[in-house]
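Asks: this one's structure only:
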Ligand code: FAD
Ligand code: NA7
């Protein structure tokens, strides 16, 4: 292993040859750097296009941005001192707190000295002759590394739909996922396109302060209260005492949100009891709790799902005073998108300054210099137009790059029918490239899944260094089997029956394909343990330390050549 980790990152690179290059400085990239640099002693460098750390929480600074994972488990668990140092004001952490937390992590472990900010990676090519990755950035860096870790984020590449006239708008145009500092919406006429998790947050937050808010809704949403109550120091101290058990519970669960998932089928109890359980879920708060803590089959059994959906629909009718608006806000499809929670979303539409356009009844005809013109001829004049239109999720930050693997295979060709990943971390033909939250990863609270992957990648690299392997690469048949297992797991739920970003259906022209593993974090971790215990069955390892099996593969390849 190299002993060059004292490299200082400056505006011009001091080194051209690294052991490992990491792309992205969010939850994934920061922990990966810590592992590779400080535990394995590798010469590692991070490229980050933002001007500082944070990833999602650097870019999504819109009013109301918060994690809907509860504060006590929306953090790293790898360092006990860091956990004991944690602090939070409310049940959920807001964007500024998460950004401050990730800054604290970067300071604590002195991570910034190996991160080159304001630098976007544009090209990544695997060189078959040298077995090295060649990486190019927009700042003119040309560097090489044995290992490439893409921590580029699964909800990071913004989706900005090309609505007719979009670029003619003369007011301020904003996307929630690239929110500039210092935006002031007070007293302004604001429009929001999109009512997903982000739209719900931004609409609820800005409704009280703007002069007028027009919401352009394509699909109504099921949302339950978040109940974002203040947390006392005693409650935090209590959590800290129990952190070992809490994290063990998280790792042994399905969605990893820090609560015990129900094992009771909704239809196994009387209607009265069912309603009481949903009412308790409504009062407790939290989208994932409502879907997974109430009953075990809300996301799986159509009858259970209908009961949960019906319960929320009734609440919307009770909350929203104007019956026409209530009707527009009421979804009638399955309750099978990422479950939402809010801090007064439906209530916001009771305010006189908030108006809802239902795009299914009255589509946008065009965006004009003054605002948004509807099919019925009405033009909403706006000072600010916000697109809360989500992300080109999972593969969006891969397919926009010039990323080529063995024999020049392009990622865009390999993933033309939808992205695939073996264990969400590797894909065939891309040796020594490890993805954090790549395709077919766990559908969970993400920090514990990210940690699981970082640790697997780090263990794998450590093994390669110890045994002097040159490359590791997913076997195509192993990847195919993993993707098929993921699709089976997805098809056993109701999620594929509804259009959402989870299946790439939010971006026009994108292949419709499942991109997640719905088997849960516990099962995922078990699979990874089995892979390690089987000496990386599912991978081809090449090099001096390769197993007999892998060397046989090499010999066959050599004789073919
Ligand atoms: P990111 O945080 O997305 O970081 C990726 C980084 O890579 C970015 O900084 C980006 O600039 C950089 N990058 C990408 N491409 C390049 C390139 N070519 N060159 C250089 N740099 C590059 N998850 C939950 O578990 N619970 C929640 O409640 C939750 N709420 C969310 C709310 C919002 C509004 C959003 C957008 C996401 C939310 N998520 C939530 C998901 C969130 O993305 C993850 O929890 C986590 O922050 C992902 O970390 P990451 O490091 O994998 O990726
Ligand atoms: P989402 O969940 O993809 O939501 C995007 C919203 O934007 C959704 O309401 C879309 O309607 C709407 N949208 C997208 N394109 C258009 C066009 N062309 N016209 C009108 N409306 C449109 O993204 P979020 O940012 O809210 O959340 C993504 C994840 O990030 C979330 O799950 C959290 O994990 C954090 P649609 O529903 O497709 O009809």
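Replies: Cool, the structure landed. Computed from a prediction, not measured in an experiment: that's the story for all the values here. Ligands and ions are numbered 1, 2, ... in the order given.
Asks: the closest residue to ligand 1 within the stretch 451-561 of the chain: which element?
Replies: Using Cβ to the nearest ligand atom, the single residue of the stretch 451-561 of the chain nearest to ligand 1 is residue 453, 9.0 Å away. Using the backbone N, CA and C atoms, a C-beta is placed for each residue, glycine as well. Using DSSP states H and E, residue 453 sits in helix 446-467.
Asks: can you check residue 187 too?
Replies: Going by DSSP H and E, residue 187 is not in any helix or strand.
Asks: quick one: it from ligand 1, how far?
Replies: 25 Å (Cβ to the nearest ligand atom, to the nearest Å).
Asks: does the helix holding residue 453 reach ligand 2?
Replies: No. Using Cβ under 6 Å from any ligand atom, we find that helix 446-467 stays clear of ligand 2, coming within 8.5 Å at best.
Asks: who in the stretch 101-250 of the chain is up against ligand 1?
Replies: 120-121, 151-153, 155-156, 177, 198.
Asks: export these to JSON lines and tack on neighbour count?
Replies: Formatted as JSON lines, these follow (neighbours: other Cβ atoms under 10 Å):
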{"residue": "120", "neighbour count": "13"}
{"residue": "121", "neighbour count": "26"}
{"residue": "151", "neighbour count": "30"}
{"residue": "152", "neighbour count": "27"}
{"residue": "153", "neighbour count": "24"}
{"residue": "155", "neighbour count": "23"}
{"residue": "156", "neighbour count": "22"}
{"residue": "177", "neighbour count": "24"}
{"residue": "198", "neighbour count": "25"}
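Asks: next one: phi and psi at residue 68?
Replies: phi -100, psi 10 (degrees, to the nearest 10).
Asks: swap that for residue 353, please
Replies: phi -90, psi 10.
Asks: what's the spacing between it and residue 179?
Replies: For residue 353, the distance to residue 179 (Cβ to Cβ, to the nearest Å) stands at 22 Å.
Asks: more neighbours, those two?
Replies: Remark: of residue 353 and residue 179, residue 179 carries more neighbours, 18 against 15, as counted by other Cβ atoms under 10 Å.
Asks: need the contact list for that one.
Replies: 59-62, 65 (Cβ atoms under 8 Å, 6 or more residues apart in numbering).
Asks: which members of the residues you listed are positioned in helices?
Replies: residue 59 (DSSP state H).
Asks: could I get the contacts of residue 179 in TSV, plus columns for neighbour count and pLDDT?
Replies: Supplementary listing: the contacts of residue 179 in TSV, determined by neighbours: other Cβ atoms under 10 Å; pLDDT from 0 to 100:
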residue	neighbour count	pLDDT
59	23	98
60	24	98
61	19	98
62	24	98
65	22	98
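Asks: so which of the contacts of residue 179 reach ligand 1?
Replies: Counting by Cβ under 6 Å from any ligand atom, the members of the contacts of residue 179 that reach ligand 1 are 60, 65.
Asks: closest to residue 382 out of the contacts of residue 179?
Replies: residue 62 (16.3 Å; Cβ to Cβ).
Asks: please tell me how far the residue lying closest to residue 80 once chain neighbours are set aside sits from ligand 1.
Replies: Here the nearest residue to residue 80 in space, its sequence neighbours aside, is residue 243; by Cβ to Cβ, 6 or more residues apart in numbering that works out to 7.6 Å. Look at residue 243 and ligand 1: by Cβ to the nearest ligand atom, they are 18 Å apart.
Asks: cool, residue 280 as well?
Replies: 22 Å.
Asks: need the contact list for that residue.
Replies: Here residue 280 is in contact with residue 294 (Cβ under 8 Å, 6+ apart).
Asks: so what does the strand or helix carrying residue 33 touch, helix or strand wise?
Replies: Here residue 33, judged by DSSP H and E, is contained in helix 27-33. In terms of contacts (3 or more Cβ pairs under 8 Å, 6 or more residues apart in numbering; DSSP states H and E), helix 27-33 is packed against strand 17-23, strand 44-47, helix 95-108, helix 446-467.
Asks: again, only using 6 Å
Replies: When contacts are defined as 3 or more Cβ pairs under 6 Å, 6 or more residues apart in numbering; DSSP states H and E, helix 27-33 sits against strand 17-23, strand 44-47, helix 446-467.
Asks: let me see the mean pLDDT of the helix or strand harbouring residue 386.
Replies: Assessed by DSSP H and E, residue 386 sits inside strand 384-387. Per-residue pLDDT values across strand 384-387 average out to 98.
Asks: which residues of the stretch 401-550 of the chain fall in strands?
Replies: Listed in chain order, the strands of the stretch 401-550 of the chain (DSSP state E, counting those that start in this stretch) span residues 402-404, 433-435, 441-442, 471-474, 516-517, 539-542.
Asks: could you report the neighbour count for the residue nearest to residue 302 when sequence neighbours are not counted?
Replies: Nearest non-adjacent residue to residue 302, counting by Cβ to Cβ, 6+ apart: residue 494, 6.9 Å away. Around residue 494 there are 19 other residues, counting by other Cβ under 10 Å.
Asks: just checking, residue 494 touches residue 333?
Replies: No. Contact between residue 494 and residue 333 fails when scored by Cβ atoms under 6 Å: they sit 10.0 Å apart.
Asks: hmm, back to that, what strands flank the strand holding residue 386, and is each parallel or antiparallel?
Replies: Sheet pairing for strand 384-387, assigned by DSSP bridges, gives strand 172-175 (parallel), strand 189-193 (parallel).
Asks: for the residue nearest to residue 302, what are phi and psi?
Replies: Dihedral angles (degrees, to the nearest 10) for residue 494: phi -90, psi -10.
Asks: re earlier: what's the most buried one of the strands paired with strand 384-387?
Replies: strand 189-193 (a mean of 25; mean count of other Cβ atoms under 10 Å).
Asks: and the contacts of that one?
Replies: 199, 203, 210-216, 372, 382-389 (Cβ atoms under 6 Å, 6 or more residues apart in numbering).
Asks: does it reach ligand 2?
Replies: Yes. Contact of strand 189-193 with ligand 2 (Cβ under 6 Å from any ligand atom) involves residue 193.
Asks: let me know the next secondary structure element after that strand.
Replies: helix 197-206.
Asks: same for the longest strand along the chain, what does it pack against?
Replies: Ranked by number of residues, the top strand in the chain under DSSP state E is strand 142-150. Judged by 3+ Cβ pairs under 6 Å, 6+ apart, the packing partners of strand 142-150 are strand 17-23, strand 132-137, strand 433-435.
Asks: just give the number of residues close to residue 465.
Replies: If we define neighbours as other Cβ under 10 Å, then residue 465 has 18 of them.
Asks: and for the one 3 residues further on?
Replies: A count of nearby residues for residue 468, using other Cβ under 10 Å, gives 10.
Asks: need the phi and psi values for it.
Replies: Dihedral angles (degrees, to the nearest 10) for residue 468: phi 60, psi 40.
Asks: show me which residues of the protein sit near ligand 1.
Replies: Close to ligand 1, as judged by Cβ under 6 Å from any ligand atom, the chain has residues 23-29, 47-50, 55-56, 58, 60, 65, 67-69, 74, 120-121, 151-153, 155-156, 177, 198, 397, 401, 436-437, 445-446, 450.
Asks: quick one: least confident helix or strand in this structure?
Replies: helix 548-560 (a mean of 41; mean pLDDT, DSSP states H and E).
Asks: list the contacts of the closest residue in space to residue 449 that isn't next to it in sequence.
Replies: Nearest residue to residue 449, sequence neighbours excluded (Cβ to Cβ, 6+ apart): residue 442, at 4.5 Å. When contacts are counted by Cβ under 6 Å, 6+ apart, residue 442 touches 449, 517, 521, 524.
Asks: what's near enough to touch residue 46?
Replies: 22, 25, 29, 33, 115.
Asks: any idea how far residue 393 is from the third one?
Replies: As defined by Cβ to Cβ, residue 29 lies at a distance of 18 Å from residue 393.
Asks: again with the fourth one
Replies: Between residue 33 and residue 393 the computed distance is 24 Å (Cβ to Cβ).
Asks: local confidence estimate at the one residue in the stretch 251-400 of the chain that gets nearest to ligand 2?
Replies: Going by Cβ to the nearest ligand atom, ligand 2 is nearest to residue 390 of the stretch 251-400 of the chain, at 2.5 Å. For residue 390, the pLDDT comes out at 98.
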